[in-house]
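Trainee: Fold the following, please.
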Amino acid sequence: MNIFVLMKRTFDTEEKIAISNGRIDEGGAEFIINPYDEYAIEEAIVLRDEHGGEVTVVTVGEEEAEKELRTALAMGADKAVLLDSEDVDELDQFTTASMLAAYLKEQEYDIILGGNVAVDGGSGQVGPRVAELLEIPQVTTITNLEVADGAATIVRDVEGDEETVEVSLPVLVTAQQGLNEPRYPSLPGIMKAKKKPLETLDLDDLDLDEDDVEAKTTTLEIFLPPEKQAGKLLEGDPQAQVKELVSLLKSEAKVI
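Mentor: Residues are numbered from 1 along each chain as shown. Below you'll find the model as predicted:
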C-alpha cells in the first residue's frame, strides 16, 4: 500500500509569538509539525504496519522544513519529499495544493492523509483542494479509518456527532483530533531517520511555472488579539447585582 502524508511546518502556538510589521517574526518563533498532521503521520504508519507498503511524507516549503521532515522520518515514515517554494513569492492554499497535486499526479497512491486544519491558518482547504485536482474522493475530519478489499470504512466528526462512510480507494482523508495518539520519535528512530531518503524538488521538477502557482490571496496584516481585561466582581444582593450588570452592559460593553 502506497501512503502519502501532506505535512505542514507551523509555528508552535504553545510558545510566545511576536508580530513585526504585520508579520510573524520567524526569527523568534519555534516551528513544529502541524499537530493535526501528526495524527495523519501516525495513522499512515499504523496502516503501513498493518497492510505493508511505505509511507512518504510531503511538504511545501523551504530548506528549513527539512527539520520537520526528519522528525516525521524519525516517527517511522519511510521517505520524505520537500517541494521547494523558494522561487514562489507568496504561498497560499492554492499555491500549496497546486504544487502537491503536481507531485502526486506522478505517483502511485492508495491513500493520502493530511491534517484537518493547520494551527496557523486554520482554513482546512489544502487537503480538499488536492483531492479535487487529483479527481479522487475526499473525506474530512476523520476519527477512525479501516481499510480492506480496496475500500475504506471511515468514521468522521460532524458537529458533535459521527458519520460512517465507505469509499473506494484511492482516497484523500484529513485527520481530526481523536483519530489516534501520535508517537514520539525514539532514539533509534532518530538515528535511522538520518539515513532515510529525503528528496527535494523545485518548480522545474514539477513541470510548473511561477505563474501556475501564483497565490490567489494576499495576507494584508497579522495581529494579536487585544489583551483580555480583568473581570469585575459585582457586590450586593442579587437584585442590585442584576441592576449593575445591565448598566455595565449598556455603558461599558455596549452590547444592549
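
Trainee: longest single helix anywhere in this structure?
Mentor: helix 35-51 (DSSP state H).

Trainee: Pull out the buried positions in that one.
Mentor: Within helix 35-51, the residues scored as buried using 16 or more other CB atoms under 10 Å are 35-48. For every residue, glycine as well, the C-beta is placed using N, CA and C.

Trainee: The residues you listed: which two are farthest apart?
Mentor: 35 and 48 (21.0 Å; CB to CB).

Trainee: give me the element residue 147 is part of.
Mentor: Element membership of residue 147 [criterion: DSSP states H and E] is strand 138-148.

Trainee: Check residue 55 too.
Mentor: strand 54-61.

Trainee: On the C-terminal side of that strand, identify the next helix or strand.
Mentor: helix 66-75.

Trainee: Show me what that following helix packs onto, helices and strands only.
Mentor: Helix 66-75 sits against strand 2-7, strand 31-33, helix 35-51, strand 54-61, strand 79-84, helix 187-193, strand 198-201, with contacts defined as 3 or more CB pairs under 8 Å, 6 or more residues apart in numbering; DSSP states H and E.

Trainee: Out of those, which gets nearest to residue 115?
Mentor: Nearest of the helices and strands packed on helix 66-75 (CB to CB): helix 35-51, 2.8 Å.

Trainee: re the thing from before, tell me what angle the strand holding residue 147 forms with strand 2-7.
Mentor: 140 degrees (axes from the mean of the first three to the mean of the last three CA atoms, to 10 degrees).

Trainee: Pull up the pairing partners for strand 138-148, direction included.
Mentor: strand 151-158 (antiparallel), strand 171-175 (parallel) (DSSP bridges).

Trainee: can you redo the buried residues of helix 35-51 as JSON lines with distance to residue 236 and pLDDT?
Mentor: JSON lines is the format used below for the buried residues of helix 35-51 (distance: CB to CB, whole Å; pLDDT from 0 to 100):
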{"residue": "35", "distance to residue 236": "46", "pLDDT": "95"}
{"residue": "36", "distance to residue 236": "47", "pLDDT": "96"}
{"residue": "37", "distance to residue 236": "52", "pLDDT": "96"}
{"residue": "38", "distance to residue 236": "51", "pLDDT": "97"}
{"residue": "39", "distance to residue 236": "50", "pLDDT": "97"}
{"residue": "40", "distance to residue 236": "54", "pLDDT": "97"}
{"residue": "41", "distance to residue 236": "56", "pLDDT": "97"}
{"residue": "42", "distance to residue 236": "54", "pLDDT": "97"}
{"residue": "43", "distance to residue 236": "56", "pLDDT": "97"}
{"residue": "44", "distance to residue 236": "60", "pLDDT": "97"}
{"residue": "45", "distance to residue 236": "60", "pLDDT": "97"}
{"residue": "46", "distance to residue 236": "59", "pLDDT": "97"}
{"residue": "47", "distance to residue 236": "62", "pLDDT": "96"}
{"residue": "48", "distance to residue 236": "65", "pLDDT": "97"}
